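Enquirer: Predicted model, plus sequence, below.
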Amino acid sequence: MTFQEQAAQIFTYNNMKFLMDGLGLTLYISLISIGLSTLFGTVLAIWRARSKSILRWIAIIYIEFVRNVPNILWIFVIFLIFKLKSVEAGIVSFTVFTTAAMAEIIRGGLISVNAGEIEAAESQGLTNLQILWHIILPQAFRNMLPSIISQFVTVIKDTSFLYSVLALQELLGKANILMGRYSTTEQVFLLYGLLAMIYFVVNFSISSFSRHLEKSWIYTK
């Protein structure tokens, strides 16, 4: 069988559709996880950066403990202990792990806000909540948006763990299922090359969008 014939067996409509279904699940898990992580991470970042009560220590313990335990272990723990379905376990485990990373990103954004603006808002009689909502958070999210998008890229790549742990048919899982249908070395390389190209196109597009934001008028001061 010629190389062209082997390639034709790989690059079929059904195979591409099969992989795109896996990509859809990958993006679904990633989007929900990054959305929830941004929400919870914002709360933890505020507790750690601006609270002087026990909430600050709760945030510190959560962030430092979760960040220093491998994500793959969280996938195992959440799946086995809470008996969740594979997709739900994937979303919860990635949310738990990514929340800690997002909290540190957001905390950096909070710290980056000019202290003079906060003092000016206080002098105008704004409450702490009003200052946080109208002054600090808008500027913080503007400063840290590229980092949040970069974290989204990381989550997309790390969803490949879900196949090895949960046998979840995300993008890598779909590719490995297809792998069982082909036997030649050329076909294996073609399929994994196609998989790598899909990851590259998706993540490069997201990274390019992040760089565009950094250069856009939103970030001009």
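Expert: Structure's in. What do you need? Quantities reported herein were computed from a predicted structural model and do not represent experimental measurements. Numbers count the residues shown, from 1 in each chain.
Enquirer: any low-confidence regions in this protein?
Expert: Counting by pLDDT under 70, the chain has low-confidence residues at 1, 216-221.
Enquirer: Which residue ranges of the protein form strands?
Expert: Under the criterion DSSP state E, strands are not mapped anywhere in the chain.
Enquirer: and the lengthiest helix in it, how far from the chain's centre?
Expert: Using DSSP state H to define each element, the chain has its longest helix at helix 13-50. Centroid separation for helix 13-50 versus its chain: 5 Å, with C-alpha atoms, centre = their mean, to the nearest Å.
Enquirer: just checking, Asn15 touches Leu178?
Expert: Yes. With contacts counted by C-beta atoms under 8 Å, Asn15 reaches Leu178, the gap being 6.1 Å. To be clear about C-beta, it is placed using only N, CA and C from the backbone, and glycine gets the same treatment.
Enquirer: and stretch 55-68, which residues are buried?
Expert: The neighbour-count criterion (16 or more other C-beta atoms under 10 Å) identifies 56, 59, 62-63, 66 as the buried residues of stretch 55-68.
Enquirer: Tell me, how many residues neighbour Ile118?
Expert: For Ile118, the count of nearby residues is 16 (other C-beta atoms under 10 Å).
Enquirer: distance of the nearest residue to Thr95 once chain neighbours are set aside from Leu126?
Expert: Spatial nearest neighbour of Thr95, excluding adjacent residues (C-beta to C-beta, 6 or more residues apart in numbering): Leu36 at 4.5 Å. Applying C-beta to C-beta, to the nearest Å, the value for Leu36 to Leu126 is 29 Å.
Enquirer: Could you do Asn176 as well?
Expert: As judged by C-beta to C-beta, Asn176 and Leu126 stand 55 Å apart.
Enquirer: quick one on the thing from earlier: and the longest helix of the chain, what's buried?
Expert: 15, 19, 22-23, 25-27, 29-30, 32-34, 36-38, 40-42, 44-50.
Enquirer: repeat for stretch 203-218
Expert: The neighbour-count check on stretch 203-218 (16+ other C-beta under 10 Å) flags 203, 210 as buried.
Enquirer: oh, and call the first residue 115 from now on, that's how I've got it
Expert: With 115 as the first residue, the last one maps to stretch 317-332.
Enquirer: For this structure, just list every one of the helices.
Expert: Listed in chain order, the helices of the chain (DSSP H) span residues 117-124, 127-164, 168-181, 185-196, 200-226, 229-237, 242-245, 251-272, 275-280, 285-293, 299-329.
Enquirer: Could you pull up the residues touching the nearest residue to Phe132 once chain neighbours are set aside?
Expert: Using C-beta to C-beta, 6+ apart and skipping residues adjacent in sequence, the residue nearest Phe132 is Lys288, 5.5 Å away. By C-beta atoms under 8 Å, 6 or more residues apart in numbering, Lys288 lies in contact with 132-133, 135-136.
Enquirer: Out of the residues you listed, which is nearest to Leu251?
Expert: Using C-beta to C-beta, Gly136 is the member of the contacts of Lys288 that lies nearest Leu251, at 35.7 Å.
Enquirer: what's the distance between the nearest residue to that closest one once chain neighbours are set aside and Tyr142?
Expert: Counting by C-beta to C-beta, 6+ apart, Lys288 is the residue found nearest to Gly136 once chain neighbours are left out, at 3.2 Å. Applying C-beta to C-beta, the value for Lys288 to Tyr142 is 14 Å.
Enquirer: And for Gln123?
Expert: 29 Å.
Enquirer: for Arg295, same thing?
Expert: Taking C-beta to C-beta, one finds Arg295 at 25 Å from Tyr142.
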